[in-house]
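[1] I'd like to go over a predicted model; first the sequence, then the structure.
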Amino acid sequence: RGAEAILKQILEDGFFHADPHPANLFVQPPAMIVMLDAGMAGYLDEETIINGAKLLQAIVSKNLDQTLRSLENLGIIIKEFDRNLLRQDLKELFDRYLGIPLKNLQISKVSQDILEIMVRHNLALPANLVLMIKALSIIETTGRQLYPDFDMLSAAKPFIQKLLRKKFAPQELLKKSSIIFQESIELIEQLPQDLIDILRKIKEGKLKFGFEHQGLEKLTQEIDRSSNRLSFSLIIASLIIGSSLILQQRVGPFIFGYPILGIIGYLLASFLGLGLIISILKSGKWK
């Protein structure tokens, strides 16, 4: 009865006691469960309840693709991540529980393993989902202490089936179709004005586009480095050409019969050229 009460709160009411340990549960004759200390409670909206039910269903059926979709729909997978690596980790988790009968499958243990995978992949878990997992784990542990054959997943199955039947009931589908139709009409009505606004901004030169290229910083650094080397090469070439002209025209003053300015130019060009060669060799980009 206690498990059914928590499951009803989570999967039907969307507002649940998040700390249902034995000290917070009281049995009132003949068979009424009273929950005390509601200082820790969680709230789930309708969409989260449905996606949470789908996640539980995916875990029970060991459906890998549905588990990934449910995690995405719950807003857990919101950052960049290695999808193939996450899929492989989940597959290894399901393979670990493959031969275990459903009645022996502990939702608290499976949830803990999934949480560890999420932490490993830097995935975010909304606070209310943490409270939901905590509540389910506590009530399952308490249930197994009172009745070792207690099966939390079997207890949750009727609530999940009822929830999914409600979601796909004809009246619900008709209601959603009506909402989609209304939103589509509003979109069509607003579209001409939006196009006019865009064209006006284009004419006024106020239309701006944001563009961000991943990894562009490395390309920019490489271009800057190449530009610096090219500039050094041009300076070195200019020094060599200038020094050669000075030597050819015999422009003074002289030292040992050679123009001083020409010798200084050659020495400076040699020094800069040697530095450029060392820089290229260190970068490994000499080929």
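    Noted; the coordinates are in hand.

[2] what about the helices in the stretch 51-200 of the chain?
    Remark: helices assigned in the stretch 51-200 of the chain by DSSP state H, counting those that start in this stretch are 64-73, 83-96, 107-120, 127-146, 152-167, 170-204.

[3] Save those helices as JSON lines, and put in mean neighbour count, distance to Pro20 and mean pLDDT too.
    For glycine as for every other residue, the C-beta is placed from the backbone atoms N, C-alpha and C. Shown next, in JSON lines, are those (neighbours: other C-beta atoms under 10 Å; distance: least, C-beta to C-beta, whole Å; pLDDT from 0 to 100):
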{"stretch": "helix 64-73", "mean neighbour count": "17", "distance to Pro20": "24", "mean pLDDT": "81"}
{"stretch": "helix 83-96", "mean neighbour count": "14", "distance to Pro20": "26", "mean pLDDT": "80"}
{"stretch": "helix 107-120", "mean neighbour count": "16", "distance to Pro20": "13", "mean pLDDT": "78"}
{"stretch": "helix 127-146", "mean neighbour count": "18", "distance to Pro20": "5", "mean pLDDT": "79"}
{"stretch": "helix 152-167", "mean neighbour count": "16", "distance to Pro20": "13", "mean pLDDT": "76"}
{"stretch": "helix 170-204", "mean neighbour count": "10", "distance to Pro20": "30", "mean pLDDT": "80"}
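
[4] Tabulate those helices (CSV), appending distance to Ile6.
    Below are those laid out as CSV (distance: least, C-beta to C-beta, whole Å):
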stretch, distance to Ile6
helix 64-73, 20
helix 83-96, 25
helix 107-120, 12
helix 127-146, 5
helix 152-167, 9
helix 170-204, 25
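
[5] closest to Ser226 out of these?
    With C-beta to C-beta as the measure, helix 83-96 is the member of the helices of the stretch 51-200 of the chain nearest Ser226 (35.3 Å).

[6] What values do phi and psi take at the spatially most distant residue from the centre of the chain?
    Distance from the centre of the chain peaks at Gly257, with 73.7 Å (C-alpha atoms, centre = their mean). The phi/psi pair for Gly257 (degrees, to the nearest 10) reads phi 90, psi 0.

[7] Over to Asn63?
    phi -90, psi 110.

[8] nearest residue to it other than its sequence neighbours?
    Excluding its sequence neighbours, the residue lying closest to Asn63 (C-beta to C-beta, 6 or more residues apart in numbering) is Gln57, at 7.8 Å.

[9] Distance of Leu267 relative to Glu72?
    66 Å (C-beta to C-beta, to the nearest Å).

[10] same question but for Ile59, I mixed them up
    Look at Ile59 and Glu72: by C-beta to C-beta, they are 15 Å apart.

[11] which element is Phe16 on?
    If you go by DSSP states H and E, Phe16 is part of strand 15-17.

[12] For that strand, enumerate the helices and strands it packs against.
    Of the remaining helices and strands, those touching strand 15-17 by 3 or more C-beta pairs under 8 Å, 6 or more residues apart in numbering; DSSP states H and E are strand 41-43, helix 127-146.
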